[in-house]
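J.: Sequence plus the predicted model coming up.
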Amino acid sequence: PTPSQTQSERALITVRMPAGATLYVDDRKSASNEAVRTFSTPAVPVGREFAYLMKAEMIRDGRPETLTQKVAFRAGERITVDFTNGR
């Protein structure tokens, strides 16, 4: 069969976080507190780019810190986001 515009696939996103950090994906709090969190997106149409806004809240050197990153992805991709080094 030939590919059609209606095909869709999930993307796999791995997020590396400092221990105890809180992750928000499009303002939704992640239930996990693991240092490495992997999740798959809903199925998205092939050939289009999508993005999540990811926010990590953590304590670094005794002070609260928030890092935000726009994470672009396409169907079938594997993406790694690393919040462990700060900016």
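T.: It's in.
J.: nearest spatial neighbour of the residue sitting nearest the centre point of the chain, skipping sequence neighbours?
T.: Closest to where the C-alpha atoms of the chain average out (C-alpha atoms, centre = their mean) is residue 13, at 5.2 Å. Among residues not flanking residue 13 along the chain, residue 79 sits closest, at 4.8 Å (C-beta to C-beta, 6 or more residues apart in numbering). (Each C-beta comes from the backbone N, C-alpha and C, glycine too.)
J.: Give the buried residues for the host helix or strand of the one you found.
T.: For residue 79, the host element (DSSP states H and E) is strand 78-82. For strand 78-82, the neighbour count (16 or more other C-beta atoms under 10 Å) marks residue 81 as buried.
J.: strand partners of it, parallel vs antiparallel please.
T.: Sheet pairing here is set by DSSP bridges, and for strand 78-82 it gives strand 12-16 (parallel).
J.: distance between the partner strand and the chain's centre?
T.: 5 Å (C-alpha atoms, centre = their mean, to the nearest Å).
J.: all numbers from here: first residue = 52
T.: With 52 as the first residue, the last one maps to strand 63-67.
J.: Buried residues in that strand, which are they?
T.: For strand 63-67, using 16+ other C-beta under 10 Å, the buried residues are 64, 66, 67.
J.: Residues touching it, excluding its own?
T.: For strand 63-67, contacts defined as C-beta atoms under 8 Å, 6 or more residues apart in numbering pick out 74, 86-92, 103, 105, 107, 122, 124, 128-135.
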